[in-house]
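> sequence below, structure please.
(one chain, ligands or ions: 1)
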Amino acid sequence: MLNKIKKIKKDFFLLKINSLSELEILKKKYLGKKGILNFFFKEIKFIENSELEKKKIGFYLNSLKKDIEIYIKKYKQIFLKKKKKIKKKDYFTDFTKPGNKKDLGSRHPISIIENRIINIFNKIGFKICEGPEIENDWYNFTALNFPYNHPAREMQDTFFLKKSNKLLRTHTSSVQIRYMEKNTPPIRVISPGRVYRNEKISSNSHYLFHQIEGFYLDKKVSFKDLKNTINFFIKNFFGKSITRFRPSYFPFTEPSAELDILWNNKWLEILGCGMIDPIVLNNININSEIYSGFAFGIGIERITLMIYNLNDIRDFFENDLRFLKQFKQEF
Ligand code: DAH
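Predicted coordinates for the structure are as follows:
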């Protein structure tokens, strides 16, 4: 019997105890009323003819019981301390510790270029104003002097919304009307945003793209002011470069022009511009005898392709992280 008890002792002290609840279970198993040690205590009386043997085993069992009790108590303290520490951690934040660095992502190339353009115009007093992407005919076409048979008004070119007379704006020029209706000159505004046209997706066209509209309305604004403003932008954005103004046509400007830039030995169209047509000003009850203005519209995708030497507009809209992560963060 003594040997059996010795084996139990050895087994107990070799046990791995991982938690407070495990410890409670062991306590019951060894020291409980129906536990292992009590079982042997009860067995002692069945040992025959040897008082000495009974005493020896009784003594051994008692000291083992004490050892196990002390051992369990000690372990309990260790576990309780650990628990407290974990709780303390929950409540204490060390603000001096360096933070976990999170990947913040990066700016979209279109946003980078858009912000650069905005910053340049901000320097010469242009404020930002945004307009809605869902527009009505008045702001997108009629007020801007688009004739009724203009191709842009056809279903093939413009997304019209079903069951309403609304459409997805085909250009940011609609903001000119919205802003001039509500504000009095002098007005100097740029308006960045998305525009939509019913075009096939290819490497150089998409049904969604971005423009920045700019307009200036005041007394005695001349074509020279327009040229100076555009040249200021070009110089600040591209550095020294060769440009040309080419006569063009837009329903809402008269005269109208397009600006090309010589880029890798090719002329690339950067923007459309012109003097705001007096018909447009009259449409919104601004006296065109007193006020005159200029406007321009910049296509952001084309400039972004140029700057980053890219050749496929679709890359901008596919959200492929391998593409997007290449662009340096700029705020
Ligand atoms: N709205 C024109 C377009 O989408 C661009 C444009 C041309 C805007 C001349 C202007 C402008 O403000 O004066 O093609």
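
> any idea how many residues pack against A257?
Residues lying near A257 (other CB atoms under 10 Å) number 23. Placement of C-beta: from N, CA and C, glycine included.

> that one and G214, how far apart?
Using CB to CB, to the nearest Å, A257 is found at 14 Å from G214.

> can I see the domain layout of this protein?
Residue ranges for the domains of the chain, per automatic domain parsing: 2-91, 109-330.

> is the last one up against the ligand anywhere?
Yes. Judged by CB under 6 Å from any ligand atom, domain 109-330 comes into contact with the ligand at H171, S173, E213, F250, T253, G272, C273, G274, A295, F296, G297.

> can you pick the most crowded of these?
Within these, most neighbours by other CB under 10 Å means S173, with 29 neighbours.

> hang on, the earlier thing: may I see the residues of domain 109-330 next to the ligand organised as TSV, with secondary structure, pLDDT and distance to D315 added?
Output for the residues of domain 109-330 next to the ligand, formatted as TSV (DSSP: H, G, I helix; E, B strand; the rest coil; pLDDT from 0 to 100; distance: CB to CB, whole Å):
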residue	secondary structure	pLDDT	distance to D315
H171	coil	97	23
S173	coil	97	27
E213	strand	98	25
F250	strand	95	29
T253	strand	97	32
G272	strand	97	25
C273	strand	98	28
G274	strand	98	32
A295	strand	98	30
F296	strand	98	26
G297	strand	98	23
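
> residues contacting the residue in the stretch 51-200 of the chain that the ligand sits nearest to?
Using CB to the nearest ligand atom, the closest approach of the stretch 51-200 of the chain to the ligand is made by H171 at 3.3 Å. Contact analysis of H171 by CB atoms under 8 Å, 6 or more residues apart in numbering lists N140, V195, Q211, E213, G297.

> surely the third one is within a strand?
Yes. Counting by DSSP: H, G, I helix; E, B strand; the rest coil, Q211 is part of a strand.

> quickly list what it is bridged to.
For Q211, the beta-bridge partners are G193, G299 (DSSP bridges).

> so it sits right up against Y196, yeah?
No. The pair Q211 / Y196 is not scored as a contact, 10.9 Å apart, by CB atoms under 8 Å.

> pull the helix or strand with minimum mean pLDDT from the chain.
The weakest-scoring helix or strand in the chain, judged by mean pLDDT, DSSP states H and E, is helix 51-91 (a mean of 84).

> just give me how far stretch 262-271 sits from the chain centre.
33 Å (CA atoms, centre = their mean, to the nearest Å).

> what is the end-to-end distance of it?
With CA to CA, to the nearest Å as the measure, stretch 262-271 spans 13 Å from end to end.

> please apply the same query to stretch 216-224.
This stretch, stretch 216-224, spans 13 Å end to end (CA to CA).

> surely L31 touches D67?
No. L31 lies out of contact with D67 (CB under 8 Å); the separation is 11.0 Å.

> any idea how far N18 lies from Y30?
17 Å.

> of these two, who's got more company?
Using other CB under 10 Å, the more surrounded residue of N18 and Y30 is Y30, with 20 against 8.

> so the more buried one: helix, strand or coil?
What three-state DSSP gives for Y30 is helix.

> measure it to the ligand for me?
Applying CB to the nearest ligand atom, to the nearest Å, the value for Y30 to the ligand is 86 Å.

> would you enumerate the residues in contact with that residue?
Applying CB under 8 Å, 6+ apart, the residues contacting Y30 are F12, I36, L37, I68.

> which one is the third one nearest to, not counting chain neighbours?
When you say that, I think you mean L37. Spatial nearest neighbour of L37, excluding adjacent residues (CB to CB, 6 or more residues apart in numbering): K65 at 5.3 Å.

> tally of neighbours for that neighbour?
Neighbourhood size, K65 [other CB under 10 Å]: 17.

> I234 contacts F245, correct?
No. Counting by CB under 8 Å, I234 stays clear of F245, with 10.8 Å between them.

> so for these two, which sits in the more crowded spot?
Neighbours were counted for I234 and for F245 using other CB under 10 Å; I234 has more, 19 against 16.

> now the more buried one: phi and psi?
Dihedral angles of I234 (phi, psi; degrees, to the nearest 10) stand at phi -60, psi -40.

> can you tell me the element E269 falls in?
strand 266-276 (DSSP states H and E).

> what's in contact with the very next helix or strand once past that strand?
Along the chain past strand 266-276, the next helix or strand (assigned with DSSP H and E) turns out to be helix 278-283. By CB under 8 Å, 6+ apart, the surrounding residues in contact with helix 278-283 are 142-145, 176-177, 180, 217, 252, 254, 287-288, 291-293.

> same question, stretch 240-253
Taking CB under 8 Å, 6+ apart as the rule, stretch 240-253 contacts 144-147, 150, 173, 176, 227, 231, 234, 255-263, 267, 270, 272-277, 280, 294-295.
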